[in-house]
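Asks: Just to be clear, the model below is a prediction. Sequence and coordinates:
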Amino acid sequence: MHPALGLPEVVGLVLDLFDPVDEKPSLSPLYNSLFVNKLFNHEATRIMWSANFDSDRAYLLNNLARKDVARAQFYANFIRVMEIYPRNGENVTELCHLAYPRLQKVLVYEYSHIEYPPHAYADEICKHLAQPSLLHYELHEGPAITDDVLAALTQHCPKLQSLRLKSSGHDSATAEGLVYLISALHYIHSFIFQGAFAGILTSKSFQAFAQHPRLKSLALPLIEDDWLHALQELDRTGAVFPELIELRTQISCSGLELLLRYAPKLEILIIYPQVVATHSLLAVASGFVNLVELHVEFSPGSTINGTDLINLTRSCPKLVSLVVGGVGDSKPSVKNLTDDTIVEMARLLPDLTAFHLICEPRDILSWSALRALGEHCLKLERCCLSGAIDWKIAVANDAMFPSLTRLTVMHASKNTTSLEEMDGLAGKLANMMPQLRFFDGPAHSVVDHELAVRLDPLLQQRLQADGESKSY
């Protein structure tokens, strides 16, 4: 054995190259390294316990701690990521007897089908996992959010950089507890809140977000107009949202106008369905000239104006992802929007990688719009259109979509091709889109269904080749 392999730093660097995610433990080089010598064993153990620490291993560690705390602590010293899914009749409270000096990320989940009270384990373990080394903390789908949990994060996690909380519906945390946490965590740059959070998210807590000097990313279920009006006083005394570049929320059109005054540097804006119908949301959004990604889910009765869409693309030339439309059966109507609108938009946004336009009528666009995207947006990877495409005309063109991986068409095609010609049509379409991996069309359309069926084997071959290339 080379003398260098007696150095922990060298062995660690070599073994770090092996990722056990896609390999069976018995075949993994890391597993085999356990039996080489003490040094290899220690470094392999460190990597296997620190990376991808899933819920199964959390329960294994919990059971080990019940029998031998000292041995369990040996493994806990390596853990960087802790992910916990609850199981019926089981808990992980023994993990509270261990310290996690290298823990950087925590994810705690709870599923609705679990038949025991959420507080049976959640509060204790959620507080204990607030370790001093923690950088990222997430509570999903169930664990009650309490002031005690917020206080533990405030007092014990000075390095925390991101916090994600999903309301369980039985939270007891208060707005005061949240304001204290926001004000105390000086290095945090991302807050994500999902769910109702009644009584927790208030004008006062929103002001605390607005005053945070390092906040870059914020996701809230709702921003009230009154909260934005209340920021006028703060604006006189200091910076408001000085670093904010990403926002995900439900907000009114008038609220978005107010927000433009306080967060003009936004690069990512995700807007959830509004309470009332809107008709000028894209016009207001065009004021955020630094936008790189815009995603707008319109409420029922809303309108997408083609003129506003063009003005948006002119005002925001950095856009690489543009997703506009409705959710489910509630889709916005359109005004002044035709194939020519998409042609002009494609010319203005050559770096576009994702474009979704979901509206009524669903056949508003045709092959001309899709062809323009292929011609001008060479980096386009994902596309979803409310359009009816004549695939026979499409493959007769010399258009190419060099980067397109996913294509969805919302309306039955205007294809006159017979079913007997479908194999050739599918082959030509696959050649036009050499990176295509997923194709979706309306299920009720016989032609689109048959096209999808014939495309599927070709796309599956590509996916299989992708997997083989990745493993290689």
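Replies: Everything's here; your move. Numbers count the residues shown, from 1 in each chain.

Asks: looking only at pLDDT, what's the mean for the host helix or strand of I304?
Replies: Using DSSP states H and E, I304 falls within strand 303-305. Strand 303-305 shows a mean pLDDT of 94.

Asks: just checking, what packs against that strand?
Replies: helix 281-285, strand 333-335 (3 or more CB pairs under 8 Å, 6 or more residues apart in numbering; DSSP states H and E). C-beta coordinates here come from the backbone N, C-alpha and C atoms, glycine included.

Asks: in the shortest one, what's buried?
Replies: Within strand 333-335, the residues that count as buried by 16 or more other CB atoms under 10 Å are 333-334.

Asks: and that strand, what other elements does it pack with?
Replies: Against strand 333-335 (3+ CB pairs under 8 Å, 6+ apart) you get strand 303-305.

Asks: can you rerun that using 10 Å?
Replies: The contact analysis (3 or more CB pairs under 10 Å, 6 or more residues apart in numbering; DSSP states H and E) places strand 333-335 against strand 303-305, helix 306-315.

Asks: which of the ones you listed sits most buried?
Replies: Neighbour counts (mean count of other CB atoms under 10 Å) averaged over each of the helices and strands packed on strand 333-335 peak at strand 303-305, with a mean of 23.

Asks: List the neighbouring strands of that one plus their orientation.
Replies: strand 333-335 (parallel) (DSSP bridges).

Asks: Can I get the helices and strands packed on strand 303-305 in a markdown table including distance to Q464 and mean pLDDT?
Replies: Formatted as a markdown table, the helices and strands packed on strand 303-305 follow (distance: least, CB to CB, whole Å; pLDDT from 0 to 100):
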| stretch | distance to Q464 | mean pLDDT |
| --- | --- | --- |
| helix 281-285 | 41 | 95 |
| strand 333-335 | 39 | 92 |
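
Asks: could I get the ones you listed as a markdown table with distance to L98?
Replies: Listed next are the helices and strands packed on strand 303-305 as a markdown table, based on distance: least, CB to CB, whole Å:
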| stretch | distance to L98 |
| --- | --- |
| helix 281-285 | 48 |
| strand 333-335 | 58 |
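
Asks: closest to P132 out of those?
Replies: helix 281-285 (41.0 Å; CB to CB).

Asks: helices or strands next to the closest one in the packing?
Replies: By 3+ CB pairs under 10 Å, 6+ apart, helix 281-285 packs against helix 253-262, strand 268-271, strand 293-297, strand 303-305, helix 306-315, strand 321-325.

Asks: let's go with 8 Å and repeat that
Replies: helix 253-262, strand 268-271, strand 293-297, strand 303-305, helix 306-315.

Asks: Next, the distance between the ends of stretch 241-260.
Replies: 11 Å (CA to CA, to the nearest Å).

Asks: Now do the buried residues in that stretch.
Replies: Those would be 241-242, 244-253, 255-259, for stretch 241-260 by 16+ other CB under 10 Å.

Asks: circling back: can I get the helices and strands packed on helix 281-285 in JSON lines including distance to Q73?
Replies: Listed next are the helices and strands packed on helix 281-285 as JSON lines, based on distance: least, CB to CB, whole Å:
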{"stretch": "helix 253-262", "distance to Q73": "48"}
{"stretch": "strand 268-271", "distance to Q73": "41"}
{"stretch": "strand 293-297", "distance to Q73": "44"}
{"stretch": "strand 303-305", "distance to Q73": "58"}
{"stretch": "helix 306-315", "distance to Q73": "56"}
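
Asks: Enumerate every residue touching L61.
Replies: 72, 75-76, 95, 98 (CB atoms under 8 Å, 6 or more residues apart in numbering).

Asks: Make a markdown table out of these and add neighbour count.
Replies: Compiled in a markdown table, the contacts of L61 are given as follows (neighbours: other CB atoms under 10 Å):
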| residue | neighbour count |
| --- | --- |
| A72 | 21 |
| Y75 | 20 |
| A76 | 22 |
| L95 | 23 |
| L98 | 19 |
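
Asks: Helix, strand, or coil at F355?
Replies: On the three-state scheme (DSSP: H, G, I helix; E, B strand; the rest coil), F355 is labelled strand.

Asks: gap between it and L309?
Replies: 11 Å (CB to CB, to the nearest Å).

Asks: Next: G467.
Replies: Taken as CB to CB, the span from G467 to L309 is 38 Å.

Asks: ditto for L370
Replies: Here L370 is placed at a distance of 16 Å from L309 (CB to CB).

Asks: Repeat that for T174.
Replies: 43 Å.

Asks: ditto for H97
Replies: The gap separating H97 from L309 is 58 Å, by CB to CB.

Asks: Kindly report the same for P332.
Replies: 12 Å.

Asks: How about M422?
Replies: Distance from M422 to L309, by CB to CB: 34 Å.

Asks: try H156
Replies: For H156 relative to L309 (CB to CB), the value is 48 Å.

Asks: Same question for Q155.
Replies: Look at Q155 and L309: by CB to CB, they are 49 Å apart.

Asks: just so I know, which of the helices and strands packed on strand 303-305 lies nearest A130?
Replies: Across these (criterion: CB to CB), the nearest stretch is helix 281-285, sitting at 37.6 Å.

Asks: how about that closest one as PDB, C-alpha atoms only?
Replies: This file holds the C-alpha atoms of helix 281-285, laid out as PDB (Å, rounded to 0.1, in the frame of the first residue of the first chain):
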ATOM      1  CA  LEU A 281     -50.900  41.700 -13.300                       C
ATOM      2  CA  LEU A 282     -48.300  41.200 -16.100                       C
ATOM      3  CA  ALA A 283     -48.300  45.000 -16.700                       C
ATOM      4  CA  VAL A 284     -47.400  45.600 -13.100                       C
ATOM      5  CA  ALA A 285     -44.900  42.800 -13.000                       C
END
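
Asks: what's the distance between it and the middle of its chain?
Replies: Relative to the chain's own centre, helix 281-285 is displaced by 23 Å; criterion: CA atoms, centre = their mean, to the nearest Å.

Asks: Also stretch 271-281?
Replies: 22 Å.

Asks: buried set for that stretch?
Replies: In terms of neighbour count (16+ other CB under 10 Å), stretch 271-281 has its buried residues at 271-274, 278-279, 281.

Asks: which residues touch that stretch?
Replies: The set of residues external to stretch 271-281 that reach it, using CB under 8 Å, 6+ apart, is 221, 248-253, 256, 285, 295-303, 305, 308, 326-327, 330.

Asks: First residue to last residue on it, what's the distance there?
Replies: 10 Å.

Asks: Contacts only, for V395.
Replies: 425, 428-429, 432.

Asks: Remind me which helix or strand it belongs to.
Replies: helix 391-396.

Asks: Return the alpha-carbon coordinates of that helix using CSV.
Replies: Taking Å, rounded to 0.1, in the frame of the first residue of the first chain, the C-alpha atoms of helix 391-396 are listed here in CSV:
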residue,chain,number,x,y,z
TRP,A,391,-47.9,17.6,-36.4
LYS,A,392,-47.9,16.8,-40.1
ILE,A,393,-47.1,20.4,-41.0
ALA,A,394,-44.6,20.5,-38.1
VAL,A,395,-42.4,17.7,-39.2
ALA,A,396,-42.5,19.0,-42.8
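
Asks: Let me know the average pLDDT across it.
Replies: 82.

Asks: Skipping adjacent residues, who's closest to E83 in space?
Replies: Spatial nearest neighbour of E83, chain neighbours left out: L107 (4.5 Å); criterion: CB to CB, 6 or more residues apart in numbering.

Asks: can you check I393 too?
Replies: W367 (5.6 Å).
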